[in-house]
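**Student:** with the sequence up front, the predicted model follows.
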Amino acid sequence: INTPQGDQNLSILYHLPQQNPGSRTTGGFTPMDIAAEKGQLQVVRYLTEVCKVDPGMKDGTGTTHLHRAAMNNKVDVMRYFVEVCKQDPSGEDDEGYAHIHRAALGGHVEALRYLIEVCKIDPATPTADGLVAVLLTKGQFEAMKYLIEECKQDPAVVELSGATL
C-alpha cells in the first residue's frame, strides 16, 4: 500500500498511541475504529494489511469496525471488511444489533442497500429487543421509504411496546 508523505488520511495515526496501532486511546478508540468511522479506506487497508490489526476486533460493547462503518454510511470500508477481510455482515454487537440495524438507526440508505442487496441480509431480521430495520428508521424518511418500497417491509409493523411507524 502506498503511503505518500503528507497523506491526509494517514494523519490520524500520528495522534494515537505509538506502541501498537491496534491499542486503544484513553477514550477507548483504536486507529482502526476512527478510520472506519471516517471512511478512510487507505488507513483501514494499511492497518489491516501492513500493521496486521485484526479487522474483526470488538470494543467493550461488542462493536466491530464493520459496525462503525455501517453507523457512518462508509460503504467502501464496509465492502472491504466483508469482501476482503471476510467479516460476517450479519454479526451483532453486545446489544443484539447487527450492522443492518446500525445502518437503519442512522438512516443510511447506501449502507442498507449494500447489506440487503449485496450481502443478502434480511431487513426483517430483528434485534435482540425485537426491533426490525424499518422501525429503527424513525425520522429517517429516505431509509424508511427504501425499506418499505424497495424491500417490501411492512409499514404497519409493531414493536414490542405496541408503537408503530
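**Tutor:** Yes, it's here.
**Student:** hey, let's count contacts and neighbours off CA atoms from now on
**Tutor:** Fine.
**Student:** what secondary structure does residue 120 sit in?
**Tutor:** Put simply, residue 120 is coil when judged by DSSP: H, G, I helix; E, B strand; the rest coil.
**Student:** now do the same contact list for the residue nearest the centre of the chain.
**Tutor:** In the chain, the residue lying closest to the centroid (C-alpha atoms, centre = their mean) is residue 70, at 2.4 Å. Residues counted as contacts of residue 70 (C-alpha atoms under 8 Å, 6 or more residues apart in numbering) are 78, 99, 100, 102, 103, 108, 111.
**Student:** so, low pLDDT: which residues of this protein?
**Tutor:** Low-confidence segments of the chain (pLDDT under 70): 1-27, 159-165.
**Student:** now the residue nearest to the centre of the chain. Nearest residue, chain neighbours left out?
**Tutor:** Nearest residue to residue 70, sequence neighbours excluded (C-alpha to C-alpha, 6 or more residues apart in numbering): residue 103, at 5.0 Å.
**Student:** CA atoms only for the host helix or strand of the one you found, dumped as PDB, please.
**Tutor:** Using DSSP states H and E, residue 103 sits in helix 99-106. These are the backbone C-alpha positions of helix 99-106, laid out as PDB (Å, rounded to 0.1, in the frame of the first residue of the first chain):
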ATOM      1  CA  HIS A  99     -24.800  -4.000  11.100                       C
ATOM      2  CA  ILE A 100     -28.200  -3.500   9.300                       C
ATOM      3  CA  HIS A 101     -29.700  -2.200  12.500                       C
ATOM      4  CA  ARG A 102     -26.900   0.300  13.000                       C
ATOM      5  CA  ALA A 103     -27.300   1.500   9.400                       C
ATOM      6  CA  ALA A 104     -31.000   1.900   9.800                       C
ATOM      7  CA  LEU A 105     -30.600   3.900  13.000                       C
ATOM      8  CA  GLY A 106     -28.600   6.400  11.100                       C
END
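**Student:** now do that helix: distance to the chain's middle.
**Tutor:** Distance, stretch centre to chain centre, for helix 99-106: 8 Å (C-alpha atoms, centre = their mean, to the nearest Å).
**Student:** and the helix or strand harbouring residue 32, what other elements does it pack with?
**Tutor:** Element membership for residue 32 (DSSP H and E) is helix 31-38. If contacts are counted by 3 or more C-alpha pairs under 8 Å, 6 or more residues apart in numbering; DSSP states H and E, helix 31-38 sits against helix 41-45, helix 65-71.
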